[in-house]
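J.: okay, predicted coordinates and the sequence, questions at the end:
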Amino acid sequence: MAEIGQKARKAATALAQASTKQKDAALLAAAMCVRANIDDILNANAEDVADAQKNGLAPSMIDRLTLNPQRVEAIAKALEEIAALPDPVGSMITEWDRPNGLHIERVRVPLGIVGIIYESRPNVTADAGALCLKAGNAAVLRGGSEASRSNKAIHDSLVEGILASNLPEASIQLVPVTDRAAVGEMLKGLGGNLDVIVPRGGKSLVARVQEEARVPVFAHLEGVCHVYVDGEADLDMARNIVLNAKLRRTGICGAAETLLVDEACAATHLQPLVAALIAEGCEVRGDEAAQKADPKVKPASEEDWYTEYLDAIIAVRVVKGVGGAIAHIAQYGSNHTDCIVTGNQKTADRFFAEVDSAILLHNASTQFADGGEFGMGAEIGIATGKFHARGPVGVEQLTSFKYLVRGSGQVRP
């Protein structure tokens, strides 16, 4: 692990000076290699999935783990989309002149070395590595044991692309072991060589990283995401959004976990929404009003309002207007992603102003909480903190800045 950190530091020095053309060429070559190596990637993934099923991994985790030709193609396309993004390194954030003639510029620079600790999703190997490289950072990736073969197969393609463009092989390194000790070494900072850590995984992993890391962390603990259906919501729109937000992919952090329905429309909207969820195979746990709406609704416990199910389960509650929804989200939410469905712009504006989450949506599914959907090509994760980065962490969020001050002989009196 110490050697990995040292190699990453040397690579980061070279990447910080690499041209946009060179970095983009590496990403495009990596995309070609992913496509050329699809059989190797899928075979490796099939072994991982078989072991995961044998070991009783949760269905939502197996869904995250599983690759197919379409998902491998999506990995390759994401690499190309990241290559097509503007290079943030060296870009001018702002500039100004002082009365004494000094010209001051604030420009973007790489963070340095980014460590990513993640579980299940092999696509993170490509997304995280590519985003770091585009932003001029070296990456140290530590994936979960359940995806070890898949991660290695994808990483091999990334390295092929890197070497084809004469960038350091250590630009993107994959930790070759999956034991907890490796995570511990990363949390210590690899001898001062890690500049930031990004955890992507379950609550226990993220909590450990936040508690033990000796370097800055971009993280969200969990995604307890809400859809609030306001009294002035169109029922058909609300139904479509709720079903998509909950069930399109239940295992992602932007999946809705709680449905809040305004008491003003409960008589017309609650039963159809609950029935639609149940018809699609979703278990509904609700308050008294939700239970009355459909006999198949199970009683919700206090714990349900705090729960990130990552499964076809949703908690449902009737609230008193947008104020009730805001209060519920403030008490039980995780500052990740929340949605309001309403035809009233003023109500939506109040929701946007008062809900303190990284991503807020009006009349759109919470499943859009994704860097790719934001036009960032991909993301390393969704940050719910308030320092440096918040929301999808893309290439810009993987940079810092420095000040360039240009003078003509000025001295300070």
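T.: The structure has been received and is ready for your questions.
J.: so which helix or strand takes in Val72?
T.: Element membership for Val72 (DSSP states H and E) is helix 69-84.
J.: list the neighbours of that helix that are in contact with it.
T.: Helix 69-84 has contacts (C-beta atoms under 8 Å, 6 or more residues apart in numbering) with 23-24, 27-28, 30-32, 34-35, 38, 41-42, 123, 126-127, 130-131, 134, 154, 161, 372, 377-378, 395. C-betas here are computed from N, CA, C, even on glycine.
J.: what mean pLDDT does the helix or strand that Leu131 is a member of get?
T.: Using DSSP H and E, Leu131 maps to helix 123-134. For helix 123-134, mean pLDDT rounds to 96.
J.: now do that helix: which elements does it pack against?
T.: Here helix 123-134 touches helix 20-36, helix 69-84, strand 113-118, strand 138-142, helix 148-164, strand 172-174, strand 196-200, going by 3 or more C-beta pairs under 8 Å, 6 or more residues apart in numbering; DSSP states H and E.
J.: quick one: it to strand 138-142, angle?
T.: Counting by axes from the mean of the first three to the mean of the last three C-alpha atoms, to 10 degrees, helix 123-134 lies at 160 degrees to strand 138-142.
J.: from the middle of its chain, how far away would helix 123-134 be?
T.: Remark: helix 123-134 is offset 12 Å from the chain centroid, using C-alpha atoms, centre = their mean, to the nearest Å.
J.: alpha carbons of it, in PDB - could you do that?
T.: Extracted in PDB, the C-alpha atoms of helix 123-134 (Å, rounded to 0.1, in the frame of the first residue of the first chain):
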ATOM      1  CA  ASN A 123     -18.700   0.500 -13.500                       C
ATOM      2  CA  VAL A 124     -17.200   2.700 -10.700                       C
ATOM      3  CA  THR A 125     -13.800   1.400 -11.600                       C
ATOM      4  CA  ALA A 126     -14.100   3.100 -15.000                       C
ATOM      5  CA  ASP A 127     -16.100   6.200 -14.000                       C
ATOM      6  CA  ALA A 128     -14.000   7.100 -11.000                       C
ATOM      7  CA  GLY A 129     -10.700   6.400 -12.700                       C
ATOM      8  CA  ALA A 130     -11.700   8.400 -15.800                       C
ATOM      9  CA  LEU A 131     -13.000  11.400 -13.900                       C
ATOM     10  CA  CYS A 132      -9.900  11.600 -11.800                       C
ATOM     11  CA  LEU A 133      -7.600  11.400 -14.900                       C
ATOM     12  CA  LYS A 134      -9.600  14.000 -16.800                       C
END
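J.: can you check what angle separates it from helix 20-36?
T.: With the same axes, to 10 degrees defining the directions, helix 123-134 sits at 160 degrees from helix 20-36.
J.: got the buried residues for helix 123-134?
T.: Neighbour counts over helix 123-134 (16 or more other C-beta atoms under 10 Å) mark Asn123, Val124, Thr125, Ala126, Asp127, Ala128, Gly129, Ala130, Leu131, Cys132, Leu133, Lys134 as buried.
J.: got the contact list for the residue nearest to Gly333 when sequence neighbours are not counted?
T.: Using C-beta to C-beta, 6 or more residues apart in numbering and skipping residues adjacent in sequence, the residue nearest Gly333 is Val224, 5.6 Å away. Going by C-beta under 8 Å, 6+ apart, Val224 touches Glu257, Thr258, Tyr306, Thr307, Glu308, Tyr332, Gly333, Ser334, His336.
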